[in-house]
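Student: Got a predicted structure plus its sequence, pasted below:
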Amino acid sequence: MTLVKSRPLSALSLIVRHEARILVRDRTLPLVCCLLVLMVSYGLFVGLAQATLRERMVAQVLKHEQETQTANTGTLQSALAGRSALVPFSNPANPAAMAGTLAGRFATIPNAPLAAMAIGQSDMMPNYYRISYLSKVQFMYDTEIENPWNLLSGHFDLAFVIVFVLPLLVTTLGYNLLSAEREHGTLRMLCSQPLSVATLLTGKIIVRMLALLAIAVPLPLIVLLLIRPETRGAEQLGLMLSWSALITAYTLFWFAVAALVNATGLSSSTNALIMVALWTTFVLILPVTMNLVVGLVSPAPSRTELASRTRVATAESLREFENLYSADYRYASDPEALLVKGERIEVPSRMRAFFLAKQKVDETIEPLLERFDHQLLQQQRLVDRLSLLSPAILVNEALNSIAGTDSRRFVAFKDQTEAFHERWRRYFSPRILESRAMTVQDLSSLPQWHWIEIPASETRSSIWWRTALMLALAFMVGGVALARSSRGSAGF
Amino acid sequence: MFAIIAAKDIRELARDGRLLWAGGLVVVLMLVALAAGWNRQVQLNGERSAGQALDYDAWLHQGYRHPHDAAEQGMHVFKPEPPLGVFDPGIGPFVGSTVWLQAHRQSEVKFRPAQDATGLQRFGELSPAWLLQVLLPLLIIIIGFNALSGERERGTLRQLLSLGVPARSLLLGKAAALASCAGLLIAPVGVGFAVFLVARLPASERLDVVYRIGWLAAGYGFYLGFFVFLTLAVSALVRSSRAALVILLGFWVAATLIAPRTASEAVSMLHPTPSRLAFDDHLSHDIADAAGKAWAAHFGARSQWDASLPLSKWGAALKVDDEAGYGALDDNFGALWDTFERQQRAQEWVGLVAPVVALRGFSMGLTGTDFSQHRDFSTAAETQRRKIQDIVSEDLVEHADPLGNAHFTYKAGPELWATVPPFKYQLPSVSFALAHHWTSLALLAVLFCLSVALARYAVSRPLMR
């Protein structure tokens, strides 16, 4: 320590070197780093497995769609040529059958390129909807099949490692930054050197933080860049940059907290207790309490009301199209009636009734659904505001939006699906009402689903302001800590 | 002797800020969780029973209509919230509660609350069970980690042992102090809530709920007792309070936060859940298969719309079609639900290292918010749907089929609607839950005994090192 010169920078680098040597020799740092490597790798593995699963699902759905289309075209051609017998519900020439049971049309949402980084809401929200003339209430609330117990437990993904575990590792490395020196009696000696406590604290933090970040940041990025070619675009690299910045800011925040706790001059055990209490408050208690508050202040829409209203609307539409529903039905005994005549085909009145009734149900229920969507939007806005209270929520939401697994993207998917469903119906409506037969050309020019990605600029700005906020918070806490420690209240 | 030790420790803890602050926070959170949960439950149950009554009423008064169209309107039934659901919502947020009983569709339980919730839901739900499972062990660790190591560091252990205090009394005294601190925090709120809850229940349900509360108390007692003795054991075994704290906190993090997630990941790989697409495809394939066979056997026809199947047999065909489907539905849904239950059972073994996993299953089972009881409700709802479907088909065979092509002009009236009984669902009794979850309780008891043995071993070694 006699080598310490008065220049703070060289003192800092000396502390960094010295501290690194100690941490490696007493095995704390290697142990913590190994743990982090293990957890980050496992988290990434889980994320990759889930992302692959979802990719496969979308691929399967698209294959299914392709097969149905080919089969429909085949059936139509052979039916028109009179080679196969016709069945009213599976006759592709019949627009009502094509709009409904034969549709085989899906709305799908592809994974965002960085999906493996956070599972977010993707294990619960559907990534495809089966489109037909059915009412929205009948297909928009289908969910992916998953064991509710697993949904309750949550996933061990990268976001979990960062939001929950990383601060704990920071705590392990940082709860006794100054208190250990004091307890060993070395703090007095250090302070006799031309060295400020603030510099000492900064040096110690730099070593620990660099060690953690050197694993947490590059490891997932390199793995993703190597095995997922779609992550190599300029936009993805930008997102990865913001991801790194966010994680750095979050780690810095927790180290700043550790510094502040150490600057109070209490014992190592007390420091550890305070750190764990803060972690519990920020990461466990605040989020669940806010979940409760959000539910109280801006309650989710009543699904019981939706159920009752749907039933009423269904009953009304059944009554309205009563005559169509109860018309004579002779197609089973008179299959000739199902043949295409000219460009026309007789749409069985019951099938026409189904189509019209479902359409009517949606028209009636639409205002209610709009109110519900608005309510959910309000809820999300409240969460965005409340997330400022807990760094854990702030970071979690940002991580999900980088991975494209946040609720915003799924809401956009739902909205676009509703629009497509409407388009699908509008396409068939005149054909069914005017009894126009479907032709082979029609089958290849049916409305196509295209997912329009939500604007990247929006995601980017929301992530960057969260990162900036996190950094500001970290610097504020860190500033207070350094100021306190240099005032000599570190209590040696 | 042990009472003196316990009294001294309790006094010490009461004067220490740790217990006051952490305990106060737990109590406040518990009260908030109970109040919010109670409020929610009253509202939901009211809404649901009103909704169900309304739907049944509409069914009875739907006027004259073709029975098949009546089944299209159908009716909703709702899963009632079990009385103790306030204590532990269990898988509640992740399963729906609404079933629309319609013709030709297996009644799937819809509208998961978590779908309507924000991303915050994934952090967990503030419930008394969550507090007891996650935060209270932490509290025990925080107030107890230096129970023995602290005495050694202060030099008071030397004095105690010189007085001839037996190690066993020391252990029991310390354990009694820790346990009564934890008990003081939860017992008043717990007993108060239990009395309030039981008093508001109809007399017929009271006994069942009291039994449930008793079993829950046993389960949570073992769990918290495990943490009490583990804390003391570690405190006696390691060299310093600091080391004891670090080890115990490490165990807490690993066992309550990391293990449940890792377990569910591992088990999903062991017994994979099918995707919805695969499940739906398999189901429709099976139904089509079964229906094809049934048609061939009954009518010698290959399909529903075969020319040899005139509309005068439409009702009969529908009946055959439905009945053929029942088996396929039972098989497919049964297999899916078995997979879920297998996944959960496999996780129970993780309870050996992470007691929270065992306790969670036991707690939601005894509360009535676990999967087996959800399955019971789903099955009851499906039985009601089949009842409606069978009544409708019978009526069609009898009245509509003779009309030939005018089949759909037939209209049934209120007499037919009244033959469908209202849906009454009885929550399974406590013995149902125990039959499913006694292994978890046994596991918790074993863990408790192990921790007691470890603590006894720890204090039987020379304490002065």
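Tutor: Everything's here; your move.
Student: Now look at the helix or strand containing A:Q416 and say if it contacts chain B.
Tutor: Remark: A:Q416 resides in helix A:407-433, with elements defined by DSSP states H and E. Yes - residues of helix A:407-433 contacting chain B under Cβ under 8 Å from any Cβ of the partner chain: A:S407. From N, CA and C alone the C-beta is placed, and that goes for glycine too.
Student: all strands of the stretch 251-400 of chain A, in order?
Tutor: Counting by DSSP state E, counting those that start in this stretch, the stretch 251-400 of chain A has no strands at all.
Student: Does B:H76 belong to a helix, a strand or coil?
Tutor: strand (DSSP: H, G, I helix; E, B strand; the rest coil).
Student: ok so, going back, could I get the buried residue list for the helix or strand just after the helix holding A:Q416?
Tutor: Going down the chain from helix A:407-433, the next helix or strand is helix A:440-444, by DSSP H and E. Neighbour counts over helix A:440-444 (16 or more other Cβ atoms under 10 Å in any protein chain shown) mark A:D442, A:L443 as buried.
Student: Which other helices and strands does helix A:440-444 contact?
Tutor: Helix A:440-444 sits against helix A:28-80, with contacts defined as 3 or more Cβ pairs under 8 Å, 6 or more residues apart in numbering or on different chains; DSSP states H and E.
Student: Let me see the contact set for the residue nearest to the spatial centre of chain B.
Tutor: Central residue of chain B (Cα atoms, centre = their mean): B:D370, 2.3 Å from the mean position. Applying Cβ atoms under 8 Å, 6 or more residues apart in numbering or on different chains, we find B:D370 in contact with B:G90, B:I91, B:G361, B:M364, B:A433, B:H436, B:H437.
Student: tell me the mean pLDDT over the helix holding A:Q416?
Tutor: Helix A:407-433 carries an average pLDDT of 91.
Student: if you look at the contacts of B:D370, which of them are in helices?
Tutor: Residues of these located in helices (DSSP state H): B:G361, B:M364, B:A433, B:H436, B:H437.
Student: Mean pLDDT per element in the chain, and the minimum belongs to which helix or strand?
Tutor: Reading this off chain A. Sorting the helices and strands of chain A by mean pLDDT, DSSP states H and E puts helix A:322-325 at the bottom, at a mean of 77.
Student: nope, chain B
Tutor: helix B:113-116 (a mean of 74).
Student: what sits up against it?
Tutor: Contacts for helix B:113-116 (Cβ under 8 Å, 6+ apart): A:124-125, A:141, A:143, A:151, A:300-301, A:303, A:376, B:92-94, B:121.
Student: Of all pairs in those residues, which one is the farthest apart?
Tutor: A:L151 and A:P301 (20.6 Å; Cβ to Cβ).
Student: Look at the two and report which has more neighbours.
Tutor: A:L151 (22 against 18; other Cβ atoms under 10 Å in any protein chain shown).
Student: so which strand or helix has that one?
Tutor: helix A:148-153.
Student: Can you list the helices and strands that the one helix or strand B:L450 maps to packs against?
Tutor: B:L450 is part of helix B:430-460 when elements are defined by DSSP H and E. If you count contacts as 3+ Cβ pairs under 8 Å, 6+ apart, helix B:430-460 packs onto helix B:167-200, helix B:203-237, helix B:314-348, helix B:355-367, helix B:371-395.
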